[in-house]
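1. Pasting the sequence and the predicted model now:
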Amino acid sequence: MKNLLLSTLLFFGFAGLHAQVEQATLLGQWSDDSLVGSDRYDNTYNEIWGVAVNNREYAVIGSTFGTHFIDITDPSNPVEVQVVKGAVSGPVIIHRDYHDNGEGILYAVADEPGNANATEKSTLQIMDMRNLPGPVEVLYDSDELIFRSHNIFLDEPNKRLYAFIANGAGLGFSAMRIYDISNPANPVFLALHNSLVGINIQQVHDGYVLDHIAYLNLGPGGFAIADFTDAANPVLLGTLDNYPEQGYNHSGWLSQDGDYYYMADENHGRRMKVVDVRDPTDMEVINFMDAGNPSPTSIPHNQIVACDYLYVSYYYDGLQVYDISDPANPERIAEYDTSKEPDANNFKGAWGVYPFLPSGNVLVADMQEGLFVFEAIDKEPCDQRRGMLNGVSTQEVATTNSLLSIHPNPVTDNFTITNADPKLTEAEVSIQDITGKVIWLQQMDFLQGGNSVALPQQVAAGMYLLSVRGDGFIHTERLVVE
């Protein structure tokens, strides 16, 4: 911490002390002892993603075997419900990556083997998740377009897939490629780029794309922003190839207001950067973040912004959460070390993080330990959380009566609404599915203290919204039925 404050003072002047850092609340874990680790890093697991479908929440975690779908509706009891084997599996696999199109279709790639002459090649897999917990249908599984890609990102509204460090289709190595996925199961090649407007790029390790504007992490080449409205003829908006504590420019995510980019160099002992991107022709690093670990081997990996919070997976330091309500000045507020590995000049521990589930629960994939499910850091409804499939909205009415509480949750047969509001004597109580459809409604007289409610028979296992509508307020909470 002293190093962080001293360096911040040296570079930019006093930036303020960190808020108190709390321990994130672990709700559940999952792993499979039958799976093997990779030959190189002994990592059984890699990337994490999430999806909500049919009133249930799922973690999607990659392994050396393939893609695992874990039901985490009851986060204290994660259960694997489906698994899709990768075209290549076993100790050769290190990396997998995932992104869905917001309509229940998951895209998956692997980075091994990367040699076009390999006997077995990985594939681009496209999977239909809309029947979960039933079978996941593999719609496309071919090495024709892509047999290796390190990372992917979907510009969902514009129905494009960006593949980074890609090979396949007889086109050789590409720093990046762009595909049209208007037909989700039939990607169409649009363009590849090994340079941007005359500037050669050795690789694009990862990127974040919003409405055709791509924020590109160029590995040893720094950082760039480009407009890919015309996929074949991008417009370079700006580059940042000389900045403090520069290393291997690995990954990043844009702030909600679009003014700042949170960027990680995948180098031991290097801090994460806050980059002012308001003027792409004059970008600069204006602040730093770390995991509060003075070890010279502390190293960030992946990060995602959801509303006013930045979630980061640090290899040896696990989950790190930052309050970015002041986007230029992140404050570290929560942490949880998922790794049992000692700090080292290596790559082990937390790989990825996912904070977009409707519940707000946060997922982390640890390379050796598997899936971790944490209680929501952001307790308020967040418009960036992903809704249930089939056009379901994640919007819900915010809690406006702190004198009400509902327990237990999850519930099996009965639950209690505890009322500490002396003015509340009657209210309308309803249970809605995640589509907003009311499946049970009752006018109730309320007593001070506990008010027992028998779970209606028509409410099957799953996730719901329970609302108490009184005079001048609506109190809404998630209700999980087991």
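-> Happy to help now that I have it.
2. Could you verify that residue 157 is part of a helix?
-> Yes: under DSSP: H, G, I helix; E, B strand; the rest coil, residue 157 sits within a helix.
3. can I assume residue 238 sits in a helix?
-> No: counting by three-state DSSP, residue 238 is not found in a helix; it is strand.
4. Please look at it and residue 280 and confirm they touch.
-> Yes: with contact defined as C-beta atoms under 8 Å, residue 238 and residue 280 form a contacting pair (3.1 Å). C-beta coordinates here come from the backbone N, C-alpha and C atoms, glycine included.
5. Can you pull the residues that touch both of these two?
-> Overlap of the contact sets of residue 238 and residue 280 (by C-beta atoms under 8 Å, 6 or more residues apart in numbering) consists of residue 225.
6. Neighbour count for those two, which is higher?
-> Neighbour count, other C-beta atoms under 10 Å: between residue 238 and residue 280, residue 280 has more, with 17 against 14.
7. isn't the more buried one right next to residue 223, touching?
-> No: the pair residue 280 / residue 223 is not scored as a contact, 10.1 Å apart, by C-beta under 8 Å.
8. What does the pLDDT read for residue 437?
-> Listed pLDDT for residue 437 reads 68.
9. and what of residue 264?
-> Residue 264 carries a pLDDT score of 98 in this model.
10. residues making contact with the one helix or strand it maps to?
-> Per DSSP states H and E, residue 264 falls inside strand 260-265. The contact list for strand 260-265 (C-beta under 8 Å, 6+ apart) reads 208, 215, 217, 223, 245-255, 272-277, 286, 289, 300-303, 305, 310, 312, 324, 327-328, 330.
11. Relative to residue 68, how far out is residue 30?
-> The spacing between residue 30 and residue 68, counted by C-beta to C-beta, to the nearest Å, is 8 Å.
12. how about low-confidence regions in the stretch 301-450 of the chain?
-> Within the stretch 301-450 of the chain, the stretches with pLDDT under 70 are 381, 388-402, 434-437.
13. mind redoing it with 90?
-> Low-confidence segments of the stretch 301-450 of the chain, defined by pLDDT under 90: 379-407, 409-410, 413, 420-425, 427-428, 430-439, 441-442, 446-448.
14. just the strands in it please.
-> Here the stretch 301-450 of the chain has its strands, by DSSP state E, counting those that start in this stretch, at 309-314, 318-323, 331-336, 350-354, 362-366, 370-374, 404-407, 414-419, 426-433, 438-445, 449-454.
15. Throw those into CSV and include mean neighbour count, thanks.
-> As requested, the strands of the stretch 301-450 of the chain are exported to CSV (neighbours: other C-beta atoms under 10 Å):
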stretch, mean neighbour count
strand 309-314, 27
strand 318-323, 24
strand 331-336, 20
strand 350-354, 26
strand 362-366, 29
strand 370-374, 25
strand 404-407, 16
strand 414-419, 17
strand 426-433, 18
strand 438-445, 12
strand 449-454, 12
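16. among these, which is nearest residue 106?
-> Residue 106 sits nearest to strand 350-354 of all these, at 12.7 Å, using C-beta to C-beta.
17. residues in contact with the closest one?
-> Against strand 350-354 from outside (C-beta under 8 Å, 6+ apart): 43, 45-50, 59, 301-304, 311-315, 317-319, 338-339, 362-367.
18. now it against strand 309-314, angle please.
-> Interaxial angle of strand 350-354 relative to strand 309-314 (axes from the mean of the first three to the mean of the last three C-alpha atoms, to 10 degrees): 160 degrees.
19. Give me the sheet partners of strand 350-354 and which way each runs.
-> Here strand 350-354 is paired, per DSSP bridges, with strand 362-366 (antiparallel).
20. export the partner strand as CSV, just CAs?
-> Taking C-alpha atoms only, strand 362-366 is exported to CSV below (Å, rounded to 0.1, in the frame of the first residue of the first chain):
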residue,chain,number,x,y,z
VAL,A,362,-20.1,-12.6,-8.8
LEU,A,363,-18.3,-15.6,-10.4
VAL,A,364,-14.6,-16.2,-10.4
ALA,A,365,-12.7,-19.0,-12.1
ASP,A,366,-9.5,-20.1,-10.4
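21. Now do that strand: distance to the chain's middle.
-> Distance of strand 362-366 from its chain centroid, counting by C-alpha atoms, centre = their mean, to the nearest Å, is 9 Å.
22. can you check stretch 212-221 too?
-> Worked out by C-alpha atoms, centre = their mean, stretch 212-221 lies 19 Å from the chain centre.
23. What mean pLDDT does that stretch get?
-> For stretch 212-221, the mean confidence score works out to 97.
24. for residue 284, what are its contacts?
-> 240, 243, 275-276.
25. try 7 Å this time
-> Neighbouring residues of residue 284 by C-beta atoms under 7 Å, 6 or more residues apart in numbering: residue 276.
26. thinking again about what came up before, out of residue 30 and residue 68, which sits in the busier spot?
-> Neighbour count, other C-beta under 10 Å: between residue 30 and residue 68, residue 68 has more, with 23 against 20.
27. these two touch, right, that one and residue 61?
-> Yes: contact status for residue 68 versus residue 61: in contact at 5.1 Å, counting by C-beta atoms under 7 Å.
28. Show the end-to-end separation of stretch 305-324, please.
-> Start-to-end span of stretch 305-324 (C-alpha to C-alpha, to the nearest Å) is 9 Å.
29. Could you do stretch 258-278 as well?
-> Using C-alpha to C-alpha, the end-to-end distance of stretch 258-278 comes to 8 Å.
30. Now that stretch: buried residues?
-> Within stretch 258-278, the residues that qualify as buried by neighbour count (16 or more other C-beta atoms under 10 Å) are 260-266, 268-277.
31. Report the beta-bridge partners for the spatially most central residue of the chain.
-> In the chain, the residue lying closest to the centroid (C-alpha atoms, centre = their mean) is residue 354, at 2.4 Å. Note on residue 354: beta-bridge partners by DSSP bridges are residue 363.
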